[in-house]
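Asks: no sequence for this one, just the structure:
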């Protein structure tokens, strides 16, 4: 273990800005991708449900 | 199918395309004018310093030639696509890749070759010397057919697609990068006294590779577009 | 032979959809677990680098992202090629599902590369062969996706973007070598990207763990996306899934 304290860990030997920007950006991109897929799936399912309900019920075009 | 009938079909297509281009000469002149205007804008933007112009000259000339080739890509297949000639071409028993090769060759004669002819004049604007001018002409002579070959793939892919003008640029420009590097590199290295032969032979290799591969990809793209 | 039949069964979207649904949680959990172990190794076990200090720790995301960006492009092109050769719908759907994740990793590789380059080289960007080919790779991912969205006919969009993806596979290595050649010609003092000749084995382990984690993450996300693509493309809910009973229930209620 090379870190004396939490602040030392976050400072990353003076390179904290570069290191944490990289890691946080990667994490954000991954979280965003998963959330976007979640919403895409919900939208696609909703569209299908609407299409199915529409096709069985003649009055709603 | 005999070899002579194949050759007849290809040369027929080349002759037809050249004849059509002769009837509409303003089309062919446009890409040349575009090149001249773009190249003339750079000294106005960068400043008239001869030393600076000599450094950026090869790159500017090559990028401008590349853009001129790009702008002319819309004309390779669009007219034939709209009047249905392309659909007939697909049905001809001769291999489509060969016919496509003929069309692209004709297109290069109309829009690429004039650029090559004009380039020494534009090179003088940037203070290129005698030997470098020769290398510039050589590099464009080897490079612009490659640009036409690669560009035809993109032109075939976006045939009849909305916003195709911008899309073809996005597709084709990344594929133009190696040609740009070798082409401008040949002129730069000849100016530096290293001689442009190495870059020119790499340009030749690119041309051979594109001559063999691009017509097949273009033919595949055309079949997809016409389905 | 029995394995061959078994695999062929899953080549149809209808059969693949539930299989993908069952696989996603496993890949996702494994990815999260390995990422945790990899990050622990990278931040707490791997020692400080002599030359680069703590800044080198960026490679634990940078190198896996860069590897995945290139690997995913090749995989996408392989699916595109299979799709063109065998005329298989599932292959085109896979190619479509891979592109956004690949583009994301390419973007991340460029971003983290800049973050690493600034403290180590003193520049956010240099026109090095790796950086340039990575940038062109991003353009090609964009081209594949834009070509797809510009064409309304799904069959044509599939095939056109497949052709472009395959052409791009030839292009990227050519760009890599051409820029390398160009750099040796232009500047004597080229920037060395080597991270030091001997890496501590814990560094290497952490990097490999992160790479496998990113790979598993990609599989999970791509499978989830291919399921979305399947729902979007098929007009009828033929999918054998947990969604289906709920939809049928609603239909019955509507009647």
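Replies: Sure thing, it's come through. The structure displayed is predicted, hence computed values, not measured ones. Residues are numbered from 1 along each chain as shown, chains lettered A, B, ... in the order given.
Asks: now do the strands in chain A.
Replies: With strands called from DSSP state E, chain A shows none.
Asks: so for residue B:162, what's the nearest residue that isn't a sequence neighbour?
Replies: Closest residue to residue B:162 apart from its sequence neighbours, by Cβ to Cβ, 6 or more residues apart in numbering or on different chains: residue C:150 at 6.4 Å. Backbone N, C-alpha and C define where each C-beta goes, glycine included.
Asks: wait, I meant residue C:175
Replies: residue C:133 (4.8 Å).
Asks: mind listing what's buried along the lowest-mean-pLDDT helix or strand in chain B?
Replies: Least confident helix or strand of chain B, by mean pLDDT, DSSP states H and E, is helix B:3-23 with a mean of 84. When neighbours are counted by 16 or more other Cβ atoms under 10 Å in any protein chain shown, the buried residues of helix B:3-23 are found to be B:9, B:10, B:13, B:14, B:17, B:21.
Asks: repeat for stretch B:148-168
Replies: Quick answer for stretch B:148-168 (16+ other Cβ under 10 Å): B:148-159, B:161, B:164, B:167-168.
Asks: for it, what is the average pLDDT?
Replies: For stretch B:148-168, mean pLDDT rounds to 91.
Asks: now swap in stretch C:81-92 and tell me
Replies: Computed over stretch C:81-92, the mean pLDDT rounds to 91.
Asks: now swap in stretch C:227-236 and tell me
Replies: On average, the pLDDT along stretch C:227-236 is 79.
Asks: what packs against the longest helix seen in chain A?
Replies: Longest helix in chain A, counting residues (DSSP state H): helix A:16-56. Based on contacts counted as 3 or more Cβ pairs under 8 Å, 6 or more residues apart in numbering or on different chains; DSSP states H and E, the elements that helix A:16-56 packs against are helix C:59-86, helix C:89-121, helix C:201-233, helix C:243-254.
Asks: for the residue nearest to residue C:175, grab the count of nearby residues.
Replies: Look at residue C:133: counted by other Cβ atoms under 10 Å in any protein chain shown, it has 22 neighbours.
Asks: ok, residues contacting stretch B:188-195?
Replies: B:54, B:58-59, B:128-129, B:131-132, B:135, B:196, B:198-199, C:185-186 (Cβ atoms under 8 Å, 6 or more residues apart in numbering or on different chains).
Asks: the same query, at a cut-off of 7 Å, please.
Replies: With Cβ atoms under 7 Å, 6 or more residues apart in numbering or on different chains as the test, stretch B:188-195 has contacts from B:58, B:131, B:132, B:135, B:196, B:199, C:185.
Asks: returning to what we had before: let's have the buried residues of helix B:3-23 in TSV, adding distance to chain C.
Replies: Shown next, in TSV, are these (distance: Cβ to the nearest Cβ, whole Å):
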residue	distance to chain C
B:9	24
B:10	23
B:13	22
B:14	24
B:17	23
B:21	27
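Asks: Serialize those residues to TSV and add fields for distance to residue B:103.
Replies: Formatted as TSV, those follow (distance: Cβ to Cβ, whole Å):
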residue	distance to residue B:103
B:9	11
B:10	9
B:13	6
B:14	8
B:17	6
B:21	12
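Asks: determine which two of these are furthest apart.
Replies: Within the buried residues of helix B:3-23, B:9 and B:21 form the most distant pair, 18.9 Å apart (Cβ to Cβ).
Asks: distance between the least confident helix or strand of chain B and the chain's centre?
Replies: Here helix B:3-23 is found 19 Å from its chain centre; the criterion is Cα atoms, centre = their mean, to the nearest Å.
Asks: tell me which residues are up against stretch B:63-73.
Replies: Under Cβ under 7 Å, 6+ apart, the answer for stretch B:63-73 is B:31, B:34-35, B:38-39, B:111-112, B:115, B:140, B:144, B:147-148, B:151, B:154-155, B:168-169, B:172, B:176, B:180.
Asks: 8 Å - rerun?
Replies: B:30-32, B:34-35, B:38-39, B:107, B:110-112, B:115, B:119, B:140, B:143-144, B:147-148, B:151-152, B:154-155, B:168-169, B:172-173, B:176, B:179-180, B:183-184.
Asks: tell me how many other residues surround residue C:212.
Replies: Counted by other Cβ under 10 Å, the residues lying close to residue C:212 total 17.
Asks: doesn't residue C:37 make contact with it?
Replies: No. Using Cβ atoms under 8 Å, residue C:212 makes no contact with residue C:37, being 9.9 Å away.
Asks: about what we covered before: give the contact list for the residue nearest to residue C:175.
Replies: C:172, C:173, C:175, C:176, C:179.
Asks: those residues, buried ones only, as a PyMOL selection?
Replies: Listed next is the PyMOL selection for buried residues among the contacts of residue C:133, using 16+ other Cβ under 10 Å:
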select buried, chain C and resi 172+175+176+179
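Asks: quick one: mean pLDDT for the lengthiest helix in chain B?
Replies: When chain B is parsed with DSSP H, its longest helix is helix B:197-226. The predicted model gives helix B:197-226 an average pLDDT of 92.
Asks: pull out the buried positions in that helix.
Replies: Quick answer for helix B:197-226 (16+ other Cβ under 10 Å): B:199-200, B:202-203, B:206-207, B:209-210, B:213-215, B:217-222, B:224-226.
Asks: need phi/psi at residue C:49.
Replies: phi -80, psi 140 (degrees, to the nearest 10).
Asks: in a helix, residue B:128, correct?
Replies: No. Under DSSP: H, G, I helix; E, B strand; the rest coil, residue B:128 falls outside any helix and is assigned coil.
Asks: so it touches residue B:139, yeah?
Replies: No. Counting by Cβ under 8 Å, residue B:128 sits too far from residue B:139 to count as a contact (11.8 Å).
Asks: overlap of the contact sets of these two?
Replies: By Cβ under 8 Å, 6+ apart, the residues touching both residue B:128 and residue B:139 are residue B:187.
Asks: and the lowest-mean-pLDDT helix or strand in chain A, how far out from the chain middle?
Replies: The helix or strand of chain A with the lowest confidence, counting by mean pLDDT, DSSP H and E, is helix A:6-11 at a mean of 81. Distance of helix A:6-11 from the chain centroid (Cα atoms, centre = their mean) equals 27 Å.
Asks: mind listing what's buried in it?
Replies: Result for helix A:6-11 [16+ other Cβ under 10 Å]: buried residues A:9, A:11.
Asks: show residues contacting it.
Replies: In contact with helix A:6-11 (Cβ under 8 Å, 6+ apart) are residues A:3, A:16, A:20, C:43.
Asks: out of the contacts of stretch B:188-195, which end up buried?
Replies: Looks like the contacts of stretch B:188-195 have B:58, B:132, B:135, B:196, B:199, C:185 buried, using 16+ other Cβ under 10 Å.
Asks: residue 20: neighbour count?
Replies: This is for chain A. Counted with other Cβ under 10 Å, residue A:20 comes out at 16.
Asks: actually chain C
Replies: 22.
Asks: quick one, what contacts the closest residue to it other than its chain neighbours?
Replies: Nearest non-adjacent residue to residue C:20, counting by Cβ to Cβ, 6+ apart: residue C:223, 4.3 Å away. Residue C:223 sits next to C:20, C:23, C:24, C:27, C:97 when contact means Cβ under 8 Å, 6+ apart.
Asks: ok, residue C:223 to residue B:137 distance?
Replies: Per Cβ to Cβ, to the nearest Å, residue C:223 is found 54 Å from residue B:137.
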